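# coordinates only, sequence not included:
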Ligand code: GYE
């Protein structure tokens, strides 16, 4: 009888596919949307048990999170790498343990046989788009540019810098006055902008923020100093991410151009995992597409002009 009743018992947790997600942290609205998206997609209803670790932008904590996933023998490990460097050893450990690894969102500097798949955005292209748009917008006007970069060593910062600099290098009358990290946070953006204003007040006409939260901080700093920006201001403001609030500022004409980076990636990652589960062939790399948005009154071959409808369609 004991055996029978055990056999009749429904199986719960054992059936779920376990996925460990070593998430960067909670530095930005983009990140919050990305975390929410994973929690929605990798639900128990969908057959998953998601162990999402917020690594608080701490590289050592992230390596530890991955090692914990290995020791728990998770079915799959997903990593959004804080830093692009330093992954070889732990990836080898995951491979030795036979656990498939998917790198998501950002890129790493490691041989591609150390991980199974990559899903993310092309941040170098995002930087090129920002540069191309600025060239189109300014025509032959001079550009004196200040850049608030993302977190040091993060591929999203490295790529956006590289792409933008590539275009800047083609313009003799563009000068990058300074470029400092605001760590992808609003507080960081504000702090860097305050120090830029002290050093360069009256000398700059373009500010590039490598994410929306930094742009919010930079706007606060410029407001406090009485510096005007956006379509009616003295400073052209470029941002990245195109989250809901970023696009609201773009619609309001405060941000001139917001280059999208799509945080909604969990469905694609789940698709890859499903193929792995089924033993089917899967894509080694999947690029999540981005576009760019500009304030009303600006027409661009590189970007969509903001309207109320575009904003209404943006959930994150
Ligand atoms: O742009 C930023 C976030 O890795 C693409 O990280 C992502 C970046 C995103 O914190 O807001």
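Sure thing, it's come through. This is a predicted model, so every value here is computed, not measured.
# where are the low-confidence patches of the stretch 1-150 of the chain?
1-13 (pLDDT under 70).
# All the helices of it, residue numbers only.
Assigned helices in the stretch 1-150 of the chain, in chain order: 2-8, 29-41, 59-71, 88-96, 123-138 (criterion: DSSP state H, counting those that start in this stretch).
# Tell me how far the longest one lies from the chain's centre.
Here the centre of mass of C-alpha atoms in helix 123-138, compared against the chain's by C-alpha atoms, centre = their mean, to the nearest Å, lies 17 Å away.
# thinking again about what came up before, with distance to residue 253 added, can I get the helices of the stretch 1-150 of the chain in a markdown table?
The way it works is simple: take the backbone N, C-alpha and C, and place the C-beta from them, glycine included. Formatted as a markdown table, the helices of the stretch 1-150 of the chain follow (distance: least, C-beta to C-beta, whole Å):
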| stretch | distance to residue 253 |
| --- | --- |
| helix 2-8 | 65 |
| helix 29-41 | 20 |
| helix 59-71 | 38 |
| helix 88-96 | 45 |
| helix 123-138 | 13 |
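# Looking at the ones you listed, which is nearest to the ligand?
Closest to the ligand of the helices of the stretch 1-150 of the chain is helix 29-41 (C-beta to the nearest ligand atom; 3.5 Å).
# List the buried residues for that closest one?
Neighbour-count burial for helix 29-41, counted by 16 or more other C-beta atoms under 10 Å, picks out 29-31, 33-35, 37-38, 41.
# now the strands for the stretch 101-250 of the chain?
Using DSSP state E, counting those that start in this stretch, the strands of the stretch 101-250 of the chain run over 101-105, 117-120, 143-149, 174-181, 206-209, 236-241.
# can you list those in TSV and add distance to the ligand and mean neighbour count?
Converted to TSV, these look like this (distance: least, C-beta to the nearest ligand atom, whole Å; neighbours: other C-beta atoms under 10 Å):
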stretch	distance to the ligand	mean neighbour count
strand 101-105	5	25
strand 117-120	8	22
strand 143-149	11	23
strand 174-181	12	17
strand 206-209	10	28
strand 236-241	5	28
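# Figure out which of those strands is closest to residue 219.
Taking C-beta to C-beta, strand 236-241 is the member of the strands of the stretch 101-250 of the chain nearest to residue 219, at 7.4 Å.
# Sheet partners, orientation included, of the closest one?
strand 206-209 (parallel), strand 257-260 (parallel) (DSSP bridges).
# now the angle from that strand to helix 29-41?
20 degrees (axes from the mean of the first three to the mean of the last three C-alpha atoms, to 10 degrees).
# give me the low-pLDDT residue ranges for the stretch 151-300 of the chain?
Using pLDDT under 70, the stretch 151-300 of the chain has no residue that qualifies.
# what does it put close to the ligand?
With C-beta under 6 Å from any ligand atom as the criterion, the stretch 151-300 of the chain comes near the ligand at residues 156, 184, 211, 240-241, 261.
# among the helices of the stretch 1-150 of the chain, which is the most enclosed?
helix 123-138 (a mean of 22; mean count of other C-beta atoms under 10 Å).
# Tally up the residues packed near residue 190, please.
Here the number of neighbours of residue 190 (other C-beta atoms under 10 Å) works out to 22.
# Do I have it right that it meets residue 221?
Yes. Under the criterion of C-beta atoms under 8 Å, residue 190 makes contact with residue 221 at 5.0 Å.
# on that earlier part again, what is the most widely separated pair among the residues of the stretch 151-300 of the chain next to the ligand?
Maximum pairwise distance among these (C-beta to C-beta): 11.2 Å, between 184 and 261.
# Give the residues shared as contacts by these two.
156, 211 (C-beta atoms under 8 Å, 6 or more residues apart in numbering).
# Between these two, which has more neighbouring residues?
Per other C-beta under 10 Å, whichever of residue 184 and residue 261 has more neighbours is residue 184, with 29 against 24.
# Now that that one has come up, it's in contact with residue 210, right?
Yes. Between residue 184 and residue 210 there is a contact under C-beta under 8 Å: 7.1 Å.
# intersection of neighbour lists for these two?
Common neighbours of residue 184 and residue 210, counting by C-beta under 8 Å, 6+ apart, are 150, 156-157.
# Now a PyMOL select for only the buried ones of those residues.
Buried residues among the shared contacts of residue 184 and residue 210 (16+ other C-beta under 10 Å), as a PyMOL selection:
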select buried, resi 150+156+157
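# Make JSON lines from the shared contacts of residue 184 and residue 210 and add distance to residue 315 to it.
Shown next, in JSON lines, are the shared contacts of residue 184 and residue 210 (distance: C-beta to C-beta, whole Å):
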{"residue": "150", "distance to residue 315": "23"}
{"residue": "156", "distance to residue 315": "21"}
{"residue": "157", "distance to residue 315": "26"}
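# mind listing what's buried in stretch 290-302?
290, 292-295, 298, 300, 302.
# first vs last residue of that stretch, how far apart are they?
11 Å (C-alpha to C-alpha, to the nearest Å).
# Alright, calling it a day.
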